[in-house]
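A.B. asks: Following is a predicted model, sequence given first.
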Amino acid sequence: MLQNPASCETRTVRLAATVAPERIDVQSCTAAQLRERATLLRSGLCLPVGSVEYVRLAMQVAGISEPAFSCYPGRLATYMCERPWRTTLGAALASPKPVFIKPQRVKVFDGFVYNPTGFDLAASAEKWRLVRLDVPKAVQEDAAAYQEHLAGVNKLDPALAVWCAHPCTFASEWRYYLQAGRVLGFARYDDGPDDAPEPNDLDVTSIMADAPVDAICSLDVGVSADGGTWLIELNDAWALGYYRGDSTPTPRAYLGMLWARWQQLVASSGVPGSCGATQR
């Protein structure tokens with residue numbers, strides 16, 4: 001069941017379903033129509049694909065409990081350039097220094113660097129200097145996005161549980177798609193220059209070796225200016241973004257990853273049925 005309007009993720013899954021040797025039914029469905037598909041979702045035979053909010057609503061309709069998932073497993077703390085700590089949104093916004101803030105619950109808001117003195121124009125200009133001809137316009141867009149983001153965050157409950165960390169700057173950022181200890185592919189997702197440094201393969205292998213063995217998730221890493229490879233975060237695969245690149249997972253591998261994670265959620269929540277491929 002693909003979210004309508006389409007996204008990169010839904011188009012990728014549609015392509016995978018089209019060329020699959022199995023016969024897979026594909027339906028488009030808006031968020032508003034999900035409750036009309038409750039029976040299908042509760043059958044355990046239907047995989048919803050879309051944004052975090054879309055799949056979260058689909059889980060609610062299907063009676064599937066949203067899983068607990070730590071984007072910062074304690075066992076991986078040594079691989080982070082800065083170790084995050086738990087606090088509340090109100091305490092984070094009272095910080096006298098810039099601080100990275102991310103909700104403990106998946107995607108209540110997007111993580112961002114909060115600056116108590118206001119938007120950092122110089123940092124934004126430096127970020128865009130090598131990749132944008134119209135740097136002033138890019139900085140203006142960044143500033144507007146920051147103010148809009150901050151306005152939304154300020155409307156949330158100050159007691160909301162969040163992660164905080166001292167800000168880190170990365171020359172490049174990469175997503176590795178991980179399923180049961182195996183890398184299905186990887187892609188770069190930042191907007192930096194093409195010649196930015198790549199992750200060290202041995203460092204990535206070490207991080208993966210310490211990741212939960214049954215994890216179906218992304219492992220996001222950043223490369224610092226001095227070439228160090230650091231863990232940014234893990235992301236649960238139930239609504240995982242798909243980034244394109246030369247080494248990106250194939251559409252079929254991406255679909256299989258989403259499907260396998262959905263099976264785990266169905267099994268843990270006791271929804272009747274199984275998540276095998278549907279037949280036309």
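C.D. replies: Cool, the structure landed. Numbering: from 1, shown residues only.
A.B. asks: drop to CA atoms for contacts and neighbour counts, all remaining ones
C.D. replies: Fine.
A.B. asks: how close does the closest residue to Gly181 other than its chain neighbours sit to Leu178?
C.D. replies: Take Gly181 and drop its neighbours on the chain: the residue closest to it by CA to CA, 6 or more residues apart in numbering is Val213, 5.6 Å away. For Val213, the distance to Leu178 under the criterion CA to CA, to the nearest Å works out to 10 Å.
A.B. asks: more neighbours, those two?
C.D. replies: More crowded of Val213 and Leu178, by other CA atoms under 10 Å: Leu178, with 24 against 13.
A.B. asks: helix or strand for the more buried one, which one?
C.D. replies: Using DSSP states H and E, Leu178 sits in strand 172-179.
A.B. asks: Name the strands paired with whatever helix or strand comes next after that strand and say parallel or antiparallel.
C.D. replies: Taking DSSP H and E as the definition, the helix or strand that follows strand 172-179 towards the C-terminus is strand 182-188. Applying DSSP bridges, strand 182-188 is found paired with strand 172-179 (antiparallel).
A.B. asks: Run a quick neighbour tally on the nearest residue to Ala20 once chain neighbours are set aside.
C.D. replies: Closest residue to Ala20 in three dimensions, ignoring its sequence neighbours and counting by CA to CA, 6+ apart: Arg252, at 7.3 Å. Neighbourhood size, Arg252 [other CA under 10 Å]: 17.
A.B. asks: Over to Val19?
C.D. replies: By the other CA under 10 Å criterion, the neighbourhood of Val19 contains 12 residues.
A.B. asks: before we move on, the earlier item: so the residue nearest to Ala20 is in contact with Glu9, correct?
C.D. replies: No: under the criterion of CA atoms under 8 Å, Arg252 makes no contact with Glu9, lying 11.9 Å away.
A.B. asks: quick one, strands of the stretch 1-150 of the chain?
C.D. replies: In the stretch 1-150 of the chain, the segments counted as strands under DSSP state E, counting those that start in this stretch are 2-3, 28-29, 85-88, 99-103, 112-114.
A.B. asks: closest to Arg244 out of the ones you listed?
C.D. replies: For Arg244, the closest of those is strand 2-3, at 18.9 Å, according to CA to CA.
A.B. asks: got any ranges where the stretch 151-280 of the chain has weak pLDDT?
C.D. replies: Residues of the stretch 151-280 of the chain that meet the criterion pLDDT under 70 lie in 272-280.
A.B. asks: let's go with 50 and repeat that
C.D. replies: Under the criterion of pLDDT under 50, the regions of the stretch 151-280 of the chain flagged as low confidence span 274-280.
A.B. asks: before we move on, back to that, kindly export the strand holding Leu178 (C-alpha atoms) in PDB.
C.D. replies: Taking only C-alpha atoms (Å, rounded to 0.1, in the frame of the first residue of the first chain), the coordinates of strand 172-179 have been written out as PDB:
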ATOM      1  CA  SER A 172      30.100  14.100   4.200                       C
ATOM      2  CA  GLU A 173      27.300  11.900   5.500                       C
ATOM      3  CA  TRP A 174      26.400   8.400   4.400                       C
ATOM      4  CA  ARG A 175      23.600   5.900   4.900                       C
ATOM      5  CA  TYR A 176      24.300   2.100   5.100                       C
ATOM      6  CA  TYR A 177      21.300  -0.200   4.700                       C
ATOM      7  CA  LEU A 178      21.700  -3.000   7.200                       C
ATOM      8  CA  GLN A 179      19.700  -6.200   7.500                       C
END
